[in-house]
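Trainee: Pasted the sequence and its predicted model underneath.
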Amino acid sequence: MAERGWRAAGGRRRRGAEAAEGHDAVLRRLREARDDLLSSGFWEASAGAVRASVRASAEPPVRCVCYGLGRFGGCPAARCQLAFLLLLLDELRVPPGRCSLFDPAFSAREAAVLQRLGLRLLPDNEEGKHGIEGSATLFYMVHCGKALYNNLLWRNWSAATLSKMVIIGNSFRGMEERLLSRILERDYSYIAKVLKGTEEVALPSHPRYLDTFNDTSIHWFPLQKLQGLAPEVWDCVEEPTYQHCEDLEIIRKDRAEGSAAAAAS
């Protein structure tokens, strides 16, 4: 398709060739990031932790959702996180076409690269409110805002559904340790309520990736632990509003639409 497009008017040919070269450069740097992950030993150690966690969860993931990846075209850390995601999909045998991504910061070039990799782009900013609809799902959410995790839990708030989820992202234990309990319970009540039903394993520490994957853990929710929570835990299913939250850390849907338009222009 691209070659046919280059046969059009000269200006279109040049623009098409420049775009393809830009995509190829990003893909080349992405392959280099993957090779670094493999040669460092970090991926091998991380893959072992992922395999153990997935075996302990109710079902192996058959699909993946990624939030907050960032501008991987120019940011080495984001590019490394994308390379890790691609290795993860291969490890779990999740086809790229069953992995959906969203970040309002993606440029048109980055969106095109993701599509060339066979990945899907979510059309709208869900604010993390993605229902798994009965399919065992891995959520890859490295360095995302707390509200995104809270919204995700709210959207899937039942023991049967949560037990089919694995989340790779900011440590829930870390959130509990760093936040005053009254703030955690007021602003991020679903994180607070699920803590006792969560199993968590930190990704291994590696000097090369301290900033890229710091505070990152694998979380899963064993059905037996969830069923052991107090019955009233499941009674409140009110959608989070964050009226009293001073630092929300996520981009709301209306702002994301404006950001996406600016990135595309």
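Mentor: Ah, there it is. Numbering: from 1, shown residues only.
Trainee: The nearest residue to residue 217 once chain neighbours are set aside - how many residues pack around it?
Mentor: Computed as CB to CB, 6 or more residues apart in numbering, the closest residue to residue 217 that is not its neighbour in sequence is residue 171, at 4.3 Å. The C-beta positions use only the backbone N, C-alpha and C, and glycine is treated the same way. Counted with other CB atoms under 10 Å, the neighbours of residue 171 add up to 19.
Trainee: Double-check residue 171 against residue 203; I have them as touching.
Mentor: No: counting by CB atoms under 8 Å, residue 171 does not reach residue 203; the two are 9.6 Å apart.
Trainee: overlap in contacts of these two?
Mentor: 216-217 (CB atoms under 8 Å, 6 or more residues apart in numbering).
Trainee: what residue ranges in this protein score low on pLDDT?
Mentor: Counting by pLDDT under 70, the chain shows low-confidence ranges at 1-20, 254-265.
Trainee: where along it do the strands fall?
Mentor: 63-67, 99-102, 120-121, 137-141, 165-170, 199-202, 216-220 (DSSP state E).
Trainee: Out of these, which gets nearest to residue 21?
Mentor: strand 120-121 (21.9 Å; CB to CB).
Trainee: partner strands of that closest one, parallel or antiparallel?
Mentor: Using DSSP bridges, strand 120-121 pairs in its sheet with strand 99-102 (parallel).
Trainee: Give me the residues contacting the strand it pairs with.
Mentor: Strand 99-102 is contacted by residues 63-67, 69, 85, 89, 114, 119-122, 124-126 when judged by CB under 8 Å, 6+ apart.
Trainee: again, only using 10 Å
Mentor: With contact meaning CB atoms under 10 Å, 6 or more residues apart in numbering, strand 99-102 is reached by 61, 63-69, 82, 85-86, 88-89, 110-111, 114, 117-128, 130, 137-138, 140, 256, 260.
Trainee: Equivalent analysis for stretch 73-81, please.
Mentor: By CB under 10 Å, 6+ apart, stretch 73-81 touches 22-23, 25-26, 29-30, 32-34, 36-37, 42, 66, 68-72, 82, 103, 105-107, 109-110, 113, 140, 142-143, 208-209, 211-213, 216.
Trainee: Make a PyMOL selection of the buried ones in those residues.
Mentor: Per 16 or more other CB atoms under 10 Å, the buried members of those correspond to this PyMOL selection:
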select buried, resi 23+26+29+30+33+34+36+37+42+66+68+69+70+71+72+82+103+105+106+107+109+110+113+140+142+143+209+212+213+216
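Trainee: Now distance to residue 93 too, for the strands of the chain, in a markdown table please.
Mentor: Shown next, in a markdown table, are those (distance: least, CB to CB, whole Å):
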| stretch | distance to residue 93 |
| --- | --- |
| strand 63-67 | 11 |
| strand 99-102 | 12 |
| strand 120-121 | 17 |
| strand 137-141 | 12 |
| strand 165-170 | 14 |
| strand 199-202 | 21 |
| strand 216-220 | 17 |
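Trainee: and the nearest residue in space to residue 89 that is not next to it in sequence, bridged to which residues?
Mentor: The shortest distance from residue 89 to any non-neighbouring residue, by CB to CB, 6+ apart, is to residue 99 (5.8 Å). Counting by DSSP bridges, residue 99 forms beta bridges with residue 64.
Trainee: So residue 99 versus residue 23, what's the distance?
Mentor: According to CB to CB, to the nearest Å, residue 99 and residue 23 sit 19 Å apart.
Trainee: Check residue 33 too.
Mentor: For residue 33, the distance to residue 23 (CB to CB) stands at 16 Å.
Trainee: do residue 233 as well
Mentor: Distance of residue 233 to residue 23, computed by CB to CB: 47 Å.
Trainee: now residue 174
Mentor: Separation of residue 174 from residue 23 (CB to CB): 36 Å.
Trainee: quick one on the thing from earlier: now intersect the contacts of stretch 73-81 with the helices, please.
Mentor: 22-23, 25-26, 29-30, 32-34, 36-37, 42, 82, 109-110, 113 (DSSP state H).
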